[in-house]
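Trainee: need a 3D model of the sequence below.
(2 chains)
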Amino acid sequence: MPDPLPTDSVGIVTPQTLHFDTPITLACNRTLESYDLVIETYGKLNADASNAVLICHALSGHHHAAGYHSEDDRKPGWWDSCIGPGKPIDTNRFFVVSLNNLGGCHGSTGPGSTNPQTGQPYGPDFPVITVRDWVHSQALLADRLGIDCWAAVVGGSLGGMQALQWSLDYPDRLKHAVVIASTPRLSAQNIAFNEVARQAITSDREFHDGRYYEHNTLPRRGLMLARMVGHITYLSDASMGEKFGRELRDQAYKFGYDAEFQVESYLRYQGERFSESFDANTYLLMTRALDYFDPAYEHDNDLAKALLRARCEFLVLSFSTDWRFTPARSEELVNAMIAARRRVSYAEIDAPWGHDAFLIPTPRYTAIFEAYMDRVAREVGA
Amino acid sequence: MRTDLKIIEQWIRPGSHVLDLGCGDGTLLDYLQREKQATGFGLEINPDHITTCMGRGVSVIEQNLDTQGLGNFEDETFDTVLMTQALQAVRRPDMVLDEMLRVGREGIVTFPNFAYWKLRWYLMRRGRMPESETLPYKWYNTPNIHLCTFKDFEALCYRKGYRILTRTVVDGEHQDRWLSRLWPNMLGQIAIYRITREDS
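Mentor: Next comes the predicted model:
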């Protein structure tokens, strides 16, 4: 944690675990008898509970979106650039709720949690969770927190899908949905990348069909490879070129297959670090949730028809160099909203960082996000 | 509010679904939303304008008419499609007009009259491309690449089979003067046309 603490930081935050013991039935028709959700909140809920903003996380995200857990914390939460006093999601005005989704590996009930029926970790027995299930559990969380209607549900990437799903499943429980660097459904290429990641994990000898906990081991190699592939899709050719180019770790080629290029050692380092901190079964689950997301599916593949249920206003943002979920995918979503006569604003932001750009503040991104959220705040009297 | 926007406002029926091409900072749409319960979108490419629109609650889509067209809008989506002071700046005004009247039942277009007497006089006296308060650019850096006269515009409407429902001719301050009504193509500076397809 920097000293002194920047004035636009939420400072030290403490996660809370909420236990739910009413069974929740999932899209796969299975039921979780009880579960925990870990959350963090920033700012204060106002008297009429109208200033609440829900933050939905992406594939490897979690509840720790802003601030620091302790003074020794090196890095703040994953979206600290956008959440805090005076930041686009202004914690002086909004009550911000951020959670770790069901199936996650940062404290909410997931494959690594103990299955009360067996006393062992769920592992592969943990149900496959969908975006719709997450939104369902988030609605139950809102009930618990006394929030009838979110001022806004906000998310990037997989988080944006949750914001979109909210608008369809609980149309009267949000005023705005902010869908950033997202897509209404994965393309074949997106699914293909996910499949490579899953194959990397499941073919690791240490995976043990997902029961690696009982074998006191982890499918580190598999998870590392999965992350390396994923990581490439989050960056752009230009940003990788700028960061690493063809730079070598030493002066000359060694005519071997070790990590000689900087980009190789960077990817290995990122992959290794990730494989120590993330759960392989959760990774499988999250990528599957991505694959399955397709709100148009139940409406004759007509997204506009699906959107007729939505009541909220939308802000859709894309980034010029995002090749994972390209601006064209956001435009597909926007055009369906236009056809369905929903209220939507859209901008494509010039940024060199590929898909990751939604995490990196740039002047235009910040200005738009700030202007829009300021208006949301004024609307709800925050 | 700008006088031309006030004139346009009279032609918008309450509750209309409106598309504003080159909506700027959203002043008109904001006004129509509040005073006429209108719904709809603005298209804009200027980043600052887009931000302003978002901040004031005007639905704005970043979309370039020249490169992206209006292909993402279905036929007759809107009651009225507006384009103020942008016709002369697009690559193919004729195609934009076609698209306007495809996605909307009515179009409202405003543009400067290149046959205004002061511009004629400028060209005649100096032999140089006219510059004025409404057209403050040099020939090489002007965004106004398709300037026309009222007569030109009406000839195009005739050729395309558009019906002109209303024409209001105003001066540089957007005032409706009796002189410009007398001889519009010579004395009018800006025209506000309301058009529709002949068959509708």
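Trainee: C-alpha from now on. contacts and neighbour counts both.
Mentor: OK.
Trainee: for residue 5, give me its contacts.
Mentor: No chain specified, so I'll use chain A. A:Leu5 sits next to A:Gly11 when contact means CA atoms under 8 Å, 6 or more residues apart in numbering or on different chains.
Trainee: nope, chain B
Mentor: B:Leu28.
Trainee: show me what contacts B:Asn185?
Mentor: Neighbour list for B:Asn185: B:113, B:115-116, B:149-151 [criterion: CA under 8 Å, 6+ apart].
Trainee: can you name the residues of chain B sitting close to chain A?
Mentor: Residues of chain B lying close to chain A (CA under 8 Å from any CA of the partner chain) are B:40, B:47, B:50-52, B:54-62, B:72-74, B:77.
Trainee: average pLDDT for the helix or strand containing A:Ser330, rounded please.
Mentor: Following DSSP states H and E, one finds A:Ser330 within helix A:327-339. Throughout helix A:327-339, pLDDT has a mean value of 97.
Trainee: next: stretch A:142-151.
Mentor: Throughout stretch A:142-151, pLDDT has a mean value of 98.
Trainee: what residues does that stretch touch?
Mentor: A:49-54, A:172-176, A:376-377, A:380.
Trainee: tally of neighbours for B:Arg92?
Mentor: The tally of other residues near B:Arg92 (other CA atoms under 10 Å in any protein chain shown) stands at 14.
Trainee: look up how far A:Glu331 lies from it.
Mentor: B:Arg92 sits 23 Å away from A:Glu331, going by CA to CA, to the nearest Å.
Trainee: cool, and B:Met124?
Mentor: Separation of B:Met124 from A:Glu331 (CA to CA) stands at 49 Å.
Trainee: these two: which is more packed in?
Mentor: Using other CA under 10 Å as the criterion, B:Met124 and A:Glu331 rank with A:Glu331 on top: 23 against 12.
Trainee: in chain B, which spans are strands?
Mentor: B:17-21, B:39-44, B:60-62, B:78-84, B:104-112, B:162-170, B:190-197 (DSSP state E).
Trainee: quick one: closest of those strands to A:Gln262.
Mentor: Smallest distance to A:Gln262 across these (CA to CA): 37.9 Å, for strand B:60-62.
Trainee: list the backbone torsions phi and psi for the residue in the stretch 101-250 of chain A positioned nearest to chain B.
Mentor: Proximity of the stretch 101-250 of chain A to chain B (CA to the nearest CA) peaks at A:His176, 11.5 Å away. For A:His176, the backbone dihedrals (degrees, to the nearest 10) come out as phi -140, psi 140.
Trainee: for the one 5 residues further on, same thing?
Mentor: The phi and psi torsions at A:Ala181 (degrees, to the nearest 10) take the values phi 50, psi 50.
Trainee: list the contacts of the residue of the stretch 1-150 of chain A found nearest chain B.
Mentor: Relative to chain B, the nearest point of the stretch 1-150 of chain A is A:Pro88 (11.9 Å; CA to the nearest CA). Contact analysis of A:Pro88 by CA under 8 Å, 6+ apart lists A:82, A:366, A:369-371, A:373-374.
Trainee: ok so, going back, quick one: list the elements packing against the helix holding A:Ser330.
Mentor: helix A:303-307, strand A:313-319, strand A:344-349 (3 or more CA pairs under 8 Å, 6 or more residues apart in numbering or on different chains; DSSP states H and E).
Trainee: deepest of the strands of chain B, which one?
Mentor: Ranked by average neighbour count under the criterion mean count of other CA atoms under 10 Å in any protein chain shown, these are headed by strand B:60-62 at a mean of 26.
Trainee: picking that back up, would you confirm that the residue of the stretch 101-250 of chain A closest to chain B contacts A:Ala152?
Mentor: Yes. Judged on CA atoms under 8 Å, A:His176 makes contact with A:Ala152 at a distance of 4.5 Å.
Trainee: overlap in contacts, those two.
Mentor: Contact criterion CA under 8 Å, 6+ apart; residues shared by A:His176 and A:Ala152: A:Val376.
Trainee: and the helices and strands packed on helix A:327-339 as CSV, adding mean neighbour count and distance to A:Glu242?
Mentor: Listed next are those as CSV, based on neighbours: other CA atoms under 10 Å in any protein chain shown; distance: least, CA to CA, whole Å:
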stretch, mean neighbour count, distance to A:Glu242
helix A:303-307, 21, 38
strand A:313-319, 25, 18
strand A:344-349, 25, 19
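Trainee: format these as JSON lines; extra columns: mean pLDDT.
Mentor: Below are the helices and strands packed on helix A:327-339 laid out as JSON lines (pLDDT from 0 to 100):
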{"stretch": "helix A:303-307", "mean pLDDT": "98"}
{"stretch": "strand A:313-319", "mean pLDDT": "98"}
{"stretch": "strand A:344-349", "mean pLDDT": "98"}
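Trainee: okay, these in TSV with distance to A:Ala357 next?
Mentor: Formatted as TSV, the helices and strands packed on helix A:327-339 follow (distance: least, CA to CA, whole Å):
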stretch	distance to A:Ala357
helix A:303-307	26
strand A:313-319	7
strand A:344-349	9
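Trainee: re the thing from before, sort out for me which of the contacts of A:Pro88 are in helices.
Mentor: A:366, A:369-371, A:373-374 (DSSP state H).
Trainee: just those residues now: which is nearest B:Gly107?
Mentor: The closest of the ones in helices among the contacts of A:Pro88 to B:Gly107 turns out to be A:Ala371 (CA to CA; 30.5 Å).
Trainee: near chain B, which residues of chain A?
Mentor: Those residues of chain A that sit near chain B, judged by CA under 8 Å from any CA, are A:335, A:338-339, A:341, A:343-348, A:364, A:367-368, A:371-375.
Trainee: again, only using 6 Å
Mentor: A:344-347, A:368, A:371-372, A:375 (CA under 6 Å from any CA of the partner chain).
Trainee: just the pLDDT at residue 47, thanks.
Mentor: Just so you know, I chose chain A. 96.
Trainee: look at chain B instead
Mentor: Model confidence at B:Pro47 (pLDDT) stands at 97.
Trainee: without its sequence neighbours, what residue ends up closest to it?
Mentor: Nearest residue to B:Pro47, sequence neighbours excluded (CA to CA, 6 or more residues apart in numbering or on different chains): A:Arg364, at 7.7 Å.
Trainee: hmm, back to that, farthest-apart pair in the ones in helices among the contacts of A:Pro88, please.
Mentor: Greatest spatial distance among the ones in helices among the contacts of A:Pro88 (CA to CA): A:Thr366 and A:Asp374, at 11.7 Å.
Trainee: between those two, which has more neighbouring residues?
Mentor: Set A:Thr366 next to A:Asp374 and count neighbours by other CA under 10 Å: A:Asp374 wins out with 19 against 16.
Trainee: out of everything not next to it in sequence, what's closest to the more buried one?
Mentor: Among residues not flanking A:Asp374 along the chain, B:Gly55 sits closest, at 6.9 Å (CA to CA, 6+ apart).
Trainee: that neighbour: neighbour count?
Mentor: The burial count for B:Gly55: 22, using other CA under 10 Å.
Trainee: ok, it - contacts?
Mentor: Residues in contact with B:Gly55, defined by CA atoms under 6 Å, 6 or more residues apart in numbering or on different chains, are A:371-372, A:375.
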